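**Q** Let me see the structure of the following:
(one chain, ligands or ions: 1)
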Amino acid sequence: MNIKKTNELLDFHGQTVLVTGASMGIGYGIARRFAEAGADIVLADISPLGEQKAQELAQTFGVKTLFVKTDVSSENDVISLFEQVAKEFGKLDALINNAGIFPMKPVLEMDLALWEKIQAINLRGTFLCCREAGKLMVKTKKGNIINIASVDALHPSSVGLAAYDASKHGVWGLTKNLALELAPHKIRVNAIAPGGIRTEGVETMSAGATKAAANPEAPAEAPMDVPWGRMGEPDEMATTALFLASDMASYVTGSIIVADGGMLLK
Ligand code: NAP
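**A** Predicted coordinates:
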């Protein structure tokens, strides 16, 4: 086996990495970190804010970037996204399925439309992107898929998140079975289970604010009993994703990394 140097293991120059939900929050943190490691980045998001973020990443890190406005729950949008990736970059080395929503609503108050929306974005969207990425990656017999699940894929964190928990348990189940299916093609499939991470989405949820007014620069108070004593930062999920997508994790597939400051220990 060819033993690479550590700095070579974390060098992503020449790789193409696609991040969904990349306009803000964890997704943008992941896109930024992979760009800093030299990868060309495709940012896919329903929010148009990603267009400017893509330009900033290209300027700052000298990599090629592309923003594609995408609703991951739409099969047409996802197919068109991967057609653009194939046309612009010719291959895909890593997909990070991060787009997701987490509205809080007790089951007894939930209408069917909200249930379906949560499953459509969090689970169907992950499936659609996995399927299209897999088709591209089998051609090169190489690739990495990382699904951003949640601690809620393993254990409930709060009342009101039953639909979310169902979707994230689904994401974890999909991850394991797809890892089996794609192992013969040398494509690794793993998941990350973040705990409470300070993002625009979480700021909005806790403050009842709009995302435009949310302030992820606010002090990192722990909203719940986190042994590490603070919330996580998007970049801490990004470095975990970088590890999983790198050859540092060359024998890791079908796994979930819990990155939660010890929250699940309680
Ligand atoms: P966020 O700050 O709300 O950012 C999510 C991004 O995804 C936004 O740009 C959002 O656009 C976009 N998005 C929403 N629906 C989409 C769709 N249908 N298609 C494409 N993009 C869509 O969220 P986050 O806190 O970074 O969370 C990212 C992921 O991590 C989610 O899967 C979440 O479940 C998971 N996670 C987060 C935490 C946490 O504490 N933050 C913990 C565990 C797991 P709009 O703003 O226009 O909706």
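**Q** and M237, what does it touch?
**A** I26, G29, I30, I148, I192, P194, I197, A259 (CB atoms under 8 Å, 6 or more residues apart in numbering). (C-beta placed from N, C-alpha, C; glycine too.)
**Q** which ones among those residues are found in helices?
**A** Counted as lying in helices by DSSP state H, out of the contacts of M237, are I26, G29, I30.
**Q** Could you report the pLDDT at the second one?
**A** At G29 the predicted local confidence, pLDDT, stands at 98.
**Q** ok, it - contacts?
**A** By CB under 8 Å, 6+ apart, the contact set of G29 is E233, P234, D235, M237, A238.
**Q** sorry, back to before: quick one: which of the ones in helices among the contacts of M237 is nearest to the ligand?
**A** Checking the ones in helices among the contacts of M237 against the ligand with CB to the nearest ligand atom, the nearest one is I26 at 3.7 Å.
**Q** I figured the closest one was touching P194, is that so?
**A** Yes - taking CB atoms under 8 Å as the definition, I26 is a contact partner of P194 at 6.7 Å.
**Q** sorry, back to before: turn the contacts of G29 into CSV, columns for pLDDT.
**A** As requested, these are exported to CSV (pLDDT from 0 to 100):
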residue, pLDDT
E233, 98
P234, 98
D235, 98
M237, 99
A238, 99
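**Q** so of the residues you listed, which ones are in helices?
**A** Of the positions in those, P234, D235, M237, A238 sit in helices, assigned by DSSP H.
**Q** top of the residues you listed by neighbour count?
**A** The residue in the ones in helices among the contacts of G29 with the most neighbours, by other CB atoms under 10 Å, is M237 (28 neighbours).
**Q** contacting residues around W172?
**A** Contact analysis of W172 by CB under 8 Å, 6+ apart lists N147, A149, A153, L154, A191, A193, I256.
**Q** The second one and I79: what is the separation?
**A** Using CB to CB, to the nearest Å, one obtains 24 Å as the distance from A149 to I79.
**Q** For this structure, give me the ranges with low pLDDT.
**A** 208-224 (pLDDT under 70).
**Q** where do the helices sit along it?
**A** Secondary structure of the chain by DSSP H: the helices cover 6-9, 25-36, 50-61, 75-89, 112-119, 125-140, 162-182, 200-207, 234-245.
**Q** D71 is in contact with D77, correct?
**A** Yes - between D77 and D71 a contact is recorded at 4.9 Å, counting by CB under 8 Å.
**Q** what about E233, how many residues close to it?
**A** Counted with other CB under 10 Å, E233 comes out at 16.
**Q** That one contacts I197, doesn't it?
**A** Yes - using CB under 8 Å, E233 is in contact with I197, at 6.9 Å.
**Q** residues contacting the most centrally placed residue in the chain?
**A** Against the mean C-alpha coordinate of the chain, by CA atoms, centre = their mean, the closest residue is N98 at 2.4 Å. Taking CB under 8 Å, 6+ apart, we find N98 in contact with V19, T20, G21, A22, I26, G27, I30, I148.
**Q** what do you get if the cut-off is 6 Å, keeping everything else the same?
**A** N98 sits next to V19, T20, G21, I26, G27, I148 when contact means CB atoms under 6 Å, 6 or more residues apart in numbering.
**Q** I192 too?
**A** Per CB under 6 Å, 6+ apart, neighbours of I192: I148, T240, I257, A259.
**Q** Which one of these is nearest to E88?
**A** Nearest to E88 among those: I148, at 23.7 Å, using CB to CB.
**Q** burial count for the closest one?
**A** Neighbours around I148, by other CB under 10 Å: 28.
**Q** Which strand residues bridge it?
**A** I148 has the following beta-bridge partners by DSSP bridges: I192.
**Q** does L95 have beta-bridge partners, and which?
**A** L18, I145.
**Q** residues in contact with it?
**A** Applying CB under 6 Å, 6+ apart to L95 gives the contacts L18, A133, I145.
**Q** which of the residues you listed tops the neighbour count?
**A** Ranked by neighbour count (other CB under 10 Å), these have L18 at the top, with 31 neighbours.
**Q** what bridges to the closest residue to S250 other than its chain neighbours?
**A** Leaving aside its sequence neighbours, S250 sits nearest to R188 (CB to CB, 6 or more residues apart in numbering; 7.9 Å). For R188, the beta-bridge partners are N144 (DSSP bridges).
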